[in-house]
Every structure is written in C-alpha cells, then in structure tokens.
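Engineer: need a 3D model of the following:
(2 chains)
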Amino acid sequence: MIEVSSLSKKYGNHLAVDDVSFTINKGEIVGFLGPNGAGKSTIMNIMTGYLSMSAGSVSIDGFDIVEQPEFAKKRVGYLPELPPLYTDMTVREYLYFMYDLKKVKFPKKPHIEEIARLVKIENVIDRLIKNLSKGYRQRVGIAQALIGNPDLLILDEPTVGLDPKQIIEIRNLIARLGKNHTVIVSSHILSEIQEVCKRIIIVNKGKIIADDTPDNLSRRLSSDHSLNVRVAGNEEDVQKILSSVAGVKRVSSLGSKEDGTCDFSVEPKVGCDIRRGVSERLAERKKVLLNLQSNEMTLEQIFLRLTDDADNGKFLFEKETENYEDHNEEALKEKEENE
Amino acid sequence: MSAIFKREFKSYFCSPLGYVFLTIFFFFEGMFFTTIFSAGSPDISYVIAAMTTVIIFVTPVLTMRLLSEDRKQKVDQALLTAPVTVTGIIMGKFFAAFSVFALAFSPTLIFQIIVASKVSVNWLVYINIVVGIMLIGAALIAMGMFISSLTESPVISCILTLVAFLVIMMISSIAEMTGIKSLTEIAGYIGFMDRFQNFYESVFPVSDVIYLLSIAGVFCFLSVRAVEKRRWS
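Structural biologist: Now for the predicted structure:
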C-alpha cells in the first residue's frame, strides 16, 4: 500500500528525518509514536505530498508521490495536526468544496451525508465551522479525509486537545475505519495507539527505533520476565527459598511494604519460566504467596526506555524490523478470515 | 481549479471584503460618471481612466489574503495534499480575484448603455479601454498574489502590495525628475501603469497587450514557484 524508502528531510542543517524506511500493507492500522518533535508530522507531510523529501522515495499503491502526485494523492485521505478548515464556510459547504477539489466520482450528496453520519456531524452540517467546538472541528477534519473513500488514511494526532469522552469516540471511529481502510495514526499518547493499532512504529529524532506489534515490543524489552513477589514471612528465609528454585538467576529484595511480608524481584535464567517453581516451592515450605506479578513493561515504559536508549546511541530494534513480516502475514490472514 | 475558483470567489462575499471593494469602486465610478455626464461628455473611457488611482489603493485588499491566509490557517495542507496541481490552485485563486475585479467595472457597461441611449457611441473604443484596464488589473492582481505568497500575514501582504503598486505607478515620474535618460527608459519598462495610456491612442496595442499578459503570467508563475519552494526548503 505504502512504501517509504530511505527517506530523509533536512531543514537547513537540521536533519528532521534520517534515512527512514518502512512498508505498510493494505488493511493495517499502524501507530506512529514518538515524542514531540521526533519527526512524525514531517514524515506524514512527506508521505502525503505536502512537503518534499531531501532524499529517498515514497510510493503509494505503486505511484511515486513526487513523480505521479495526482495518482498517489487520490489514494490518500489526510488529517494534518491542525484540521485544514475554512472557518468561514458551513460544514456542508466545506465538505462539498473538498469533494470538488478531490474530483470524486461518487454521487455528491449521498456520499457527503454518509461520511457525516459516520463521523457523527449530521447535526452540525449546516453550521459555520468557526462556531464549532474543537471536537467537532476534528471530526470535520476526519470527514474531509474520508471524502472519495481513499484506501489510505493518514491521521496526524487526531485526538490532540480533545476531552476524554471525545478521545474515546475518535478512537472508536478510527477502529471502525480500520475495517475498510489502511490507517496510519500518529500520537505521542501511548494508550491511544495501543488501543487501536496492531503495529507500532516508534520514531525518535527522525529515526525509526522500533517497529513491531505492541505485544512483541513489550515481550522483547522485558525479555527477562522477572517477577515481583510478595510473601508472608521472614525476609532471610524467603530469600533462601526463592534462591533455591530451579532456573532462578538472581533474587533481590525490594523491602517490606506490608507488615509481616517481604517483597522480592526474582530474575530467571534465559528461557526459564519460574512462576510455577516459585509458587510450588513456597507452598512446600508453608510460605504464603500474597502476590506474584510478571514484570512485563507497559507501553509507556517501553517508549521511555527506547527513546532514552536511542538518545544514548542504542537502537534496540534497528535490525529487527524484518521480524515484523511474520506477524504481518498472520495479521492479514486473520483479517481475511474475519471478513 | 474550478473548485478553488468557486470557493475563493464566494469567500469574498462571505466577509465584508468583497462588498467593501465593490462599494468603493461603484462609488467612485458613479461619481466620475456623474461629473463627466453632467459636463456633456459621452466618453466612458474617462471614467475608467480615472479609476486607475483607485485601483492602486484598493486592489491590495483583494489580493492580500489569497495565499497568506491559507498558510496562516494551515488550509494549504488540504489544498497541497489534494490531487490538484499547484498551478491549478494558483490559477483558481487568480481568476477568482480577477473576476471580482472585473465585476467592479460592470457599472461602466450600464453607463455606456445610458450614454448610447442618448448619443451614438463608439463601442470599439469602450471595449478597447476595458481590455486595457482588465490587463492592468490582471498584472496587479498577479503581483499582489505573489506578494501574498511570501508572507503568512494578510496585513503585511496588503502593505507590501500597496508599496509595490505605488512604486509601479510613480516610478516613471520619479525617474523623469532625476533627468537621467537611461533611468527613465528602465522606469518606462517597469512602470506598467503608463501602458494604459496606449489603449487610448491605438486600438488593441499588441505590444502592450503582450507586455501586460507577460507581467501577469510571470507573477502567476512566481507564485507557483514560491509555493513549491516552501515544500522543498
């Protein structure tokens, strides 16, 4: 669907996008994640033809965005960070204008009405855009992106500045749109991406530092699967018992957070699942296990760790992006089956 | 292009801008016509000629937000990511402003008809002078549009355009005052407002028509380049 290869963008001496490559297949919902100023919007602006690249290429459905812009742009619906709205027009006038601008072939009125229904703006369709709230403006922005029913939707921070209820609504809308479109959503809010996206591309300082499913990202980074345990009893005894479990590499005390209990972080040897062993051994020694928690990282932690590592010059997933292919095929099969 | 033309043309009348522009034109045209008509002259050309000064001061209002406003409101992202060419966008905007400009001269047709009902008039002279003023307008609008492509602020665009128009209008007179012959010659090329005079003296002066069309074409082209350049910079 979209192929980005060796994309770079320089603003004067500042390298905003640095040799970025990725492929997004039909039917995927991909999240573009990165801190503010990471280069997400620049990449999206280049993909949609708003900005040009300093090096590299972008092709959409086989059409190069620079060589054949009209064909490529016809396949893309774009919601920039700030919805591009003419505030002196009514919603209907604006959507009709975008319809004419995009030279859409569907019957005009039913098409616009269908989109208005989909994004829930029918009740404000004859109001001036300047009188609409931010949430509605955002929806009008999404509506204009949907005109012409493009295969690829690129939404740049679609929920920024919205209240929690609106965020949930927009998120649900994106999930619905994902059933019929390829969607790329950017955000610096992790939960938003985690909810709707099957694949996450993390960008930092213009480079891709990770590209995988949310689950895989979490699994790989917390590959040690260390456990946090809380056991009733004396700290010294419990530490001895835990250390004697087969497959345990290290046991470190986390102190006592409740009276008569002690907390430990138990790190297993590579490839060992120690959960059952820990539980059984403690039961054998008549120690009560109060809490057993896998230390899998939240997306928030992954994001911070990756961006920190990248800042320090480490690119954990630089060579691992190919692994995504396997998952992707699975996801596509799953999608086809569902359909 | 037609979608942009329609939107831009309508936008002039969604705000007071278009109405103010037309009111100023209609007021001065009416005033000049009354003066000429009551003096017993049947020549509408004088009305149009007298409007050249008004054009200089009022046309910047027409062009000031053509491209600057889109940039300011980030609407250019919708235009530039739509399957239209930059040339299509620029020409749509140019023709919208030009149409309002042309509309501003519509009363002169009514005046001509009124005069024609009283005395016999030479329609060719009228058409010739209208072509002249339209070409001057096209050149000024293209220039104003180019200036508006350079800034995000419509106010700055308006001021810069006004300054540019005043230079165009007065450059010949200033050059003549210096007495330097070569300077006067160069100023004669730049100050295209003087070309309007040639539309009185001859019917359809080809060189002036081509010259004014070229000015309009060059500034439309420069506007396209200015928009393109921002994408590449």
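Engineer: what does chain A have sitting close to chain B?
Structural biologist: Taking CB under 8 Å from any CB of the partner chain as the contact definition, chain A meets chain B at A:11, A:45, A:48-52, A:69-71, A:73-74, A:76, A:78, A:80, A:82, A:84-89, A:97-98, A:100-103, A:144. Quick note: C-beta positions are derived from backbone N, CA and C, even for glycine.
Engineer: and the buried ones among those residues, selectable in ChimeraX?
Structural biologist: Applying 16 or more other CB atoms under 10 Å in any protein chain shown to the residues of chain A next to chain B, the buried members can be selected in ChimeraX as follows:
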select /A:45,48,49,50,51,52,69,73,74,76,78,80,82,84,85,86,88,89,97,98,100,101,102,144
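Engineer: residues contacting the helix or strand harbouring B:Tyr189, please?
Structural biologist: Taking DSSP states H and E as the criterion, B:Tyr189 maps to helix B:181-190. Helix B:181-190 has contacts (CB atoms under 8 Å, 6 or more residues apart in numbering or on different chains) with B:Ile168, B:Ile171, B:Ser172, B:Ile174, B:Ala175, B:Glu176, B:Thr178, B:Asp194.
Engineer: what ranges do the helices span in the stretch 51-200 of chain A?
Structural biologist: Counting by DSSP state H, counting those that start in this stretch, the stretch 51-200 of chain A has helices at residues A:69-74, A:91-101, A:108-118, A:134-146, A:164-177, A:190-196.
Engineer: closest one to B:Phe26 among those?
Structural biologist: helix A:91-101 (27.1 Å; CB to CB).
Engineer: which elements pack onto the closest one?
Structural biologist: helix A:108-118, helix A:134-146, helix B:2-12, helix B:76-80 (3 or more CB pairs under 8 Å, 6 or more residues apart in numbering or on different chains; DSSP states H and E).
Engineer: retrieve the pLDDT associated with A:Gly12.
Structural biologist: Here, the pLDDT recorded for A:Gly12 equals 84.
Engineer: so what's the residue count around it?
Structural biologist: When counting by other CB atoms under 10 Å in any protein chain shown, one arrives at 7 neighbours for A:Gly12.
Engineer: show the backbone phi and psi for it.
Structural biologist: According to degrees, to the nearest 10, the main-chain angles of A:Gly12 amount to phi 60, psi -120.
Engineer: do A:Glu28 as well
Structural biologist: Dihedral angles of A:Glu28 (phi, psi; degrees, to the nearest 10) stand at phi -80, psi 150.
Engineer: residue contacts, B:Val86?
Structural biologist: If a contact means CB under 8 Å, 6+ apart, then B:Val86 has B:Leu80, B:Val224, B:Val227, B:Glu228 as its contacts.
Engineer: how close does it get to B:Gly92?
Structural biologist: 11 Å (CB to CB, to the nearest Å).
Engineer: quick one, what contacts A:Ser244?
Structural biologist: A:Arg281.
Engineer: measure it to A:Ser41 for me?
Structural biologist: 54 Å.
Engineer: off-centre distance for the helix or strand harbouring A:Val4?
Structural biologist: A:Val4 belongs to strand A:2-11 when elements are defined using DSSP H and E. Centroid displacement of strand A:2-11 relative to its chain, using CA atoms, centre = their mean, to the nearest Å, is 19 Å.
Engineer: the spatially closest residue to B:Val54 that is not a sequence neighbour - how many residues pack around it?
Structural biologist: Nearest residue to B:Val54, sequence neighbours excluded (CB to CB, 6 or more residues apart in numbering or on different chains): B:Phe28, at 5.0 Å. B:Phe28 has 18 neighbouring residues, counting by other CB under 10 Å.
Engineer: and for the one 3 residues further on?
Structural biologist: Other residues within reach of B:Met31 by the criterion other CB under 10 Å amount to 12.
Engineer: distance of it from chain A?
Structural biologist: Separation of B:Met31 from chain A (CB to the nearest CB, to the nearest Å): 31 Å.
Engineer: that residue is in what secondary structure piece?
Structural biologist: Applying DSSP H and E, one finds B:Met31 within helix B:16-38.
Engineer: returning to what we had before: in the strand holding A:Val4, what's buried?
Structural biologist: So strand A:2-11, judged by 16+ other CB under 10 Å, has buried residues A:Ile2, A:Glu3, A:Val4, A:Leu7, A:Ser8, A:Lys9.
Engineer: list the contacts for the fourth one?
Structural biologist: Contacts of A:Leu7 were listed using CB under 8 Å, 6+ apart, and they are A:Val17, A:Asp19, A:Val20, A:Ser21, A:Ile43, A:Ile46, A:Met53, A:Ala55, A:Gly56, A:Ser57, A:Val58.
Engineer: tell me the pLDDT of the residue nearest to it when sequence neighbours are not counted.
Structural biologist: Once flanking residues are discounted, A:Leu7 sits nearest to A:Gly56: 3.7 Å by CB to CB, 6+ apart. For A:Gly56, the pLDDT comes out at 92.
Engineer: so which residues on chain B come close to chain A?
Structural biologist: By the rule CB under 8 Å from any CB, the part of chain B lying against chain A is B:2-4, B:6-7, B:11, B:14-15, B:73-85, B:231-233.
Engineer: now the residues you listed: which count as buried?
Structural biologist: For the residues of chain B next to chain A, buried by 16+ other CB under 10 Å: B:3-4, B:6-7, B:11, B:73, B:75-84, B:231.
Engineer: so where's the chain shaky on pLDDT?
Structural biologist: I'll assume chain A. The model of chain A has pLDDT under 70 over residues A:218-225, A:270-271, A:296-301, A:305, A:309-339.
Engineer: that's the wrong chain, I meant chain B
Structural biologist: Judged by pLDDT under 70, chain B has no weakly predicted residues.
Engineer: that older thread, dump the helices and strands packed on helix A:91-101 to TSV, plus distance to B:Ile110.
Structural biologist: Shown next, in TSV, are those (distance: least, CB to CB, whole Å):
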stretch	distance to B:Ile110
helix A:108-118	37
helix A:134-146	41
helix B:2-12	21
helix B:76-80	37
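Engineer: tell me which of those helices lies nearest to A:Leu306.
Structural biologist: The nearest among the helices and strands packed on helix A:91-101, by CB to CB, is helix A:134-146 at 28.3 Å.
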